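1. What follows is a protein structure lacking sequence information:
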Ligand code: PBG
């Protein structure tokens, strides 16, 4: 007679029988960078998450490294006056995002710094590609992504993160980087990025919501998983170092599928809306947000994610530290 409850009878056996363990080393912390100095503003829909200016972001990274967080994904908050149809600020070497990346890498060479390659933060249309006559142009967008990726690589960052979902972009970027001598710059590809409602608070944070239509002609249909495998095959063959699934919680099956089919690290992006939901319910007293946070992060790891991008990184790191 098998009695599974024997292996749940005490904290000690539960610990020993535990199949999946979350560690602080699994986390990448997304950060929102503001232009200027000594500026800090909380994202209203993401309590506890702040847009930070350069000086404060350097301090934040230092604090996170002390907690054991090793990876950071930096996103720029671009003022409306700097936006245009072709995202020219994205590859302007004098623009604050690129300047700050250089400083971050200089000050913390041990940190893994990831950037975002997509037009939307710099686009007056709020889209990840060039918008013309109501259409997003694929191949014309690649040219801009290429310039953006080169400018970012030149700051010394470790990995670029194309989050745009244009076709061929991984191979295109890998080629350009290699041609220009950036053979050590990695690519974490947003491989299965779904057209999701869970990005809402992120678009508040960057003020980057599309001003026309939606992103369904380039981001994936939430109903599809075979398509995710096809996207992963392309990105894998085009030279991606890491494949990402985004969002995470509503797509655990996709994470698992990629984990079993591709022998490179799989990342999952526990996105802004997933953070906001837990925070909001916690504030209302409807659930224990700390426990819900740890449980959802654990589920993402159990599904197969090697790397978890999460706004909970700091809180979860503190929690894991207490448990030790
Ligand atoms: C933009 C980008 C988005 C996110 C990361 N990069 C938003 C979007 O595609 O509209 C979302 C992250 C989050 O919701 O936490 N290319």
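-> Received the coordinates, thanks. On a predicted model such as this, the values are computed, not experimentally measured, just so you know. Residues are numbered from 1 along each chain as shown.
2. hey, where'd the strands end up in the stretch 1-150 of the chain?
-> 27-34, 40-42, 50-53, 71-76, 112-117, 130-132, 135-137 (DSSP state E, counting those that start in this stretch).
3. and the longest one, which strands flank it?
-> According to DSSP bridges, the neighbouring strands of strand 27-34, each with its direction, are strand 50-53 (parallel), strand 71-76 (parallel), strand 307-310 (parallel).
4. Dump those to JSON lines, plus distance to residue 230.
-> Bear in mind the C-beta positions are built from the backbone N, C-alpha and C, glycine included. Shown next, in JSON lines, are the strands paired with strand 27-34 (distance: least, C-beta to C-beta, whole Å):
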{"stretch": "strand 50-53", "distance to residue 230": "36"}
{"stretch": "strand 71-76", "distance to residue 230": "25"}
{"stretch": "strand 307-310", "distance to residue 230": "22"}
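5. Among those strands, single out whichever gets nearest to residue 212.
-> Smallest distance to residue 212 across these (C-beta to C-beta): 21.6 Å, for strand 71-76.
6. Run the chain-centre distance for the closest one.
-> The chain centre lies 8 Å from the centre of strand 71-76; the measure is C-alpha atoms, centre = their mean, to the nearest Å.
7. and that strand with strand 112-117, angle?
-> 30 degrees (axes from the mean of the first three to the mean of the last three C-alpha atoms, to 10 degrees).
8. Need the contact partners of strand 71-76.
-> 27-33, 57, 61, 64, 96-97, 100-101, 104, 111-116, 121-122, 161, 205-206, 307, 309 (C-beta atoms under 8 Å, 6 or more residues apart in numbering).
9. In it, which residues are buried?
-> By neighbour count on 16 or more other C-beta atoms under 10 Å, the buried set for strand 71-76 is 71-76.
10. How about stretch 90-110?
-> Neighbour-count burial for stretch 90-110 [16+ other C-beta under 10 Å]: 90-92, 95-98, 100-101, 104, 108.
11. Cross these against helices and list the overlap.
-> Counting by DSSP state H, those place 96-98, 100-101, 104 in helices.
12. List, one by one, the residues from the stretch 201-324 of the chain near the ligand.
-> 202-203, 271-272 (C-beta under 6 Å from any ligand atom).
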